[in-house]
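# Sequence and predicted structure below; questions after.
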Amino acid sequence: MRDGGVGDARLSLSVFLPRVNLGPSGFPSLAGYAPPCIIIASREGYVAETKFEKGSEVASRRKFLSLGAALGGALTACSDSGEPVPDEGPKRLGRAPNVYGERSPFEKEARRGAASKYPETGATRTPLQDSHGIITPSSLHFERHHAGVPAIDPAEHRLMIHGMVERPLVLTLDELKTLPSVSRLHFVECAGNSRGEWTDKKGATAQDSHGLASCSEWTGVLLSVLLEEVGVKPEATWLVAEGADACKMQRSLPLDKCRDDVIVAYGQNGEAIRPDQGYPLRLVVPGFEGNINVKWVRRLMLTEQAAMARDETSKYTDLLANGKARQFSFPMEAKSVITRPSGGQVLAGSGFHEISGLAWSGRGLIERVEVSIDNGASWQDAELQEPRHRIAFTRFRLPWTWDGAETVILSRATDETGYVQPTEQALLAVRGANSDYHNNCIKAWKISGDGRVTNV
Amino acid sequence: MFSRIRALVLGLGVIVLLLGTGLAQSPHYKVGSAPSEEQLKTWSITILPDGTGLPEGKGTAAEGKDVYDRRCSECHGNKAQGADSSALIGGQGSLAGPKPLKTVTSYWPYATTMWDYVNRAMPFDTPGILTNDQIYAVVAYVLFLDGIVEENQELNRETLPKIQMPNRDGFVKDDRPDVGPTAHTPNR
């Protein structure tokens, strides 16, 4: 593939180990010795070095060779000759450590969204075609805002829980963080993801067609813990959640779900949730459509009726062919998309290519992903990356040797309930052409003889 | 005698205060505080479909035209027919056709939703600037434009929830999975 990877350059990895001193305590001491240092070398020569501590001795080629010999090659996976290639690179110092990391300037993956006269209601999409593994970097998690991203001082933010409860409660962020916490991987997918695939505006790339879905590790307090603290009155059946954004976006959640696995989250991928993802506090409602995962959450009200909020009547309802609309259509059903090769990419030529993609289900674990390399005539099981997580992205892979002929590739996910990702025709037959939301149909990519990959 | 009553009152007061303090913290983890009446009042802006939460105030379509023209027409069109943003009226009878037009009057099941949404989110760039009277009036005006209320019909917390929106019965429960081996029998 032209757009990434190191080709077939063979890498050799050498690890410089400092001599380890057993101190008086019996534990290894590194005092006075060079810190560990990893050198990555290729056939073209020395390409990268990672120093673990400022001021450490920079390894010279001589040291490299002598240590390599001393270790008897035991730690050295060498190139053909077994000899590292001379280092012709510039002997310049790299930059000093910094306090908050940035990616390499060579990496250009970015969220993308359509231009709008009212960008505060806009969305940006995750570049799924460039993703590795199952975690979406927080900086690339898709966005969908209804009134812009509010700037919230966490010291001022409060969560109020009230309505049909025994003890209404106001909590600060610090107080929430003292409560028992959980960290769980969950995808969030906008109900409108892939809606363009039902029109003639099909996305050119996986980002365009499927990029309103992302997956993070979320940390926070289970909502069930908070509900115990306030004492829900028996007549309550719904919980209305409201954000602190300019439009105070609100959604109604069934109480059963709130008592199950909803997280009041303050952490995302090991740090505080990003402002565009709800800083400092949001709901993560595993498997339910993205809009109900209320960001910047400030108020939870227990009621015995749904609010019939704008975003659960006017929007996020699925109009069927008979003119009736499905309401409270919460779960995002099993779905998958091949991300490599996918739209916009170009296969460099026939031969080996790994087919790789993402699958997810709002109803639990992904049990199976099948891939077809012949436009659906036959299917084979892809390998699923373990460990798999409930209601999270699952990475699938299938080794493939392309014969260079034009073809269409597809993927089809099955979840733990036995639900099988449907075809577009099957969905249209049941729902009609105007249901708009919740399009989880099988995605096809066409590969032309020249290696170009396009949406079909 | 008098001082004994005073002592009793004082004692009761202390007990109430202590109870209040006890209520202020959660029972298991002892966190949080009870919201003040002020906070409960100002934060509780949700309007439920039975009208719960609607504040005092009133308005008519005749009064709402001015608010609409100044605050709404730029995005929604001079007759609520839609411009950059959604049409608010029209589309009745179109939902089962090939080109459904989903508007407040053709699609929304409750008038309370409109009051709630205008109050919390409109006008788009300055939400929250309309008074309660203005909101009742502008809701009345939009509904009047599609013949759902009369021009001089007063909307208030009693009358607004009683409006029968044309698509009140237009929604069904989620009956998915609707395809494949685990499909439910459709309930529509």
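Thanks, I have the structure now.

# What residues are bridge-paired with A:Ala413?
Beta bridges link A:Ala413 to A:Val369, judged by DSSP bridges.

# Strands along the stretch 151-300 of chain A, start to end?
Under the criterion DSSP state E, counting those that start in this stretch, the stretch 151-300 of chain A contains strands at A:158-163, A:169-172, A:182-189, A:213-222, A:238-243, A:250-254, A:263-268, A:271-272, A:282-284, A:297-303.

# among the ones you listed, which is nearest chain B?
strand A:169-172 (4.2 Å; C-beta to the nearest C-beta). Backbone N, C-alpha and C define where each C-beta goes, glycine included.

# care to break chain B down by domain?
B:2-34, B:58-162 (automatic domain parsing).

# Most tightly packed of those domains?
domain B:58-162 (a mean of 19; mean count of other C-beta atoms under 10 Å in any protein chain shown).

# ok, now how distant is A:Arg395 from chain B?
23 Å (C-beta to the nearest C-beta, to the nearest Å).

# same question, A:Pro399
A:Pro399 is 28 Å from chain B, by C-beta to the nearest C-beta.

# how about the closest residue to that residue other than its chain neighbours, what does it touch?
In this structure, A:Pro399 finds its nearest non-sequential neighbour in A:Glu354, 5.9 Å apart by C-beta to C-beta, 6 or more residues apart in numbering or on different chains. A:Glu354 makes contact with A:340, A:397-400 under the criterion C-beta atoms under 8 Å, 6 or more residues apart in numbering or on different chains.

# And the residues you listed, which of them are buried?
A:340, A:397-398, A:400 (16 or more other C-beta atoms under 10 Å in any protein chain shown).

# With pLDDT and secondary structure as extra columns, can I get those in JSON lines?
Below are these laid out as JSON lines (pLDDT from 0 to 100; DSSP: H, G, I helix; E, B strand; the rest coil):
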{"residue": "A:Arg340", "pLDDT": "98", "secondary structure": "strand"}
{"residue": "A:Arg397", "pLDDT": "98", "secondary structure": "strand"}
{"residue": "A:Leu398", "pLDDT": "98", "secondary structure": "strand"}
{"residue": "A:Trp400", "pLDDT": "98", "secondary structure": "strand"}
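
# How about the residues of the stretch 251-400 of chain A by chain B?
Within the stretch 251-400 of chain A, the positions lying close to chain B (C-beta under 8 Å from any C-beta of the partner chain) are A:298-299, A:301, A:303, A:305-310, A:313-314, A:317, A:319-331, A:333.

# Restricted to strands, list these.
Secondary structure assignment by DSSP state E places A:298-299, A:301, A:303, A:319, A:325-327 of those in strands.

# you'd agree A:Glu109 is in a strand?
No: counting by DSSP: H, G, I helix; E, B strand; the rest coil, A:Glu109 is not part of a strand but coil.

# Tell me which residue of chain B lies closest to chain A.
B:Ala96 (3.1 Å).

# Can you name the helix or strand that that residue falls in?
Using DSSP states H and E, B:Ala96 sits within no helix or strand.

# tell me the centre residue of chain B?
Nearest to the geometric centre of chain B sits B:Asp116, at 2.4 Å (C-alpha atoms, centre = their mean).

# Tell me if I am right that that one is in a helix.
Yes: B:Asp116 sits within a helix when classified using three-state DSSP.

# surely it meets A:Glu312?
No: between B:Asp116 and A:Glu312 there is no contact, the gap being 11.4 Å when judged by C-beta atoms under 8 Å.

# now the helices: where do they sit in chain B?
Applying DSSP state H to chain B gives helices spanning B:2-24, B:37-43, B:61-71, B:73-76, B:104-107, B:111-121, B:132-145.

# Give me the distance between the fifth one and the centre of its chain.
By that I understand helix B:104-107. 16 Å (C-alpha atoms, centre = their mean, to the nearest Å).

# So which elements touch that helix?
In this structure, helix B:104-107 makes packing contacts with helix B:132-145, judged by 3 or more C-beta pairs under 8 Å, 6 or more residues apart in numbering or on different chains; DSSP states H and E.

# where does chain B dip in pLDDT?
Along chain B, the model assigns pLDDT under 70 to residues B:1-24, B:185-188.

# 90 instead?
Within chain B, the stretches with pLDDT under 90 are B:1-26, B:83-86, B:184-188.

# Turn the strands of the stretch 151-300 of chain A into TSV, columns for mean neighbour count and mean pLDDT.
Shown next, in TSV, are the strands of the stretch 151-300 of chain A (neighbours: other C-beta atoms under 10 Å in any protein chain shown; pLDDT from 0 to 100):
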stretch	mean neighbour count	mean pLDDT
strand A:158-163	21	98
strand A:169-172	22	98
strand A:182-189	21	98
strand A:213-222	24	98
strand A:238-243	24	98
strand A:250-254	23	98
strand A:263-268	23	99
strand A:271-272	14	98
strand A:282-284	25	98
strand A:297-303	23	98
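
# what's the closest of those strands to A:Lys91?
Ranking the strands of the stretch 151-300 of chain A by their distance to A:Lys91 (criterion: C-beta to C-beta) puts strand A:271-272 first, at 35.5 Å.

# Direction included, what does that closest one pair against?
For strand A:271-272, pairing defined by DSSP bridges yields strand A:263-268 (antiparallel).
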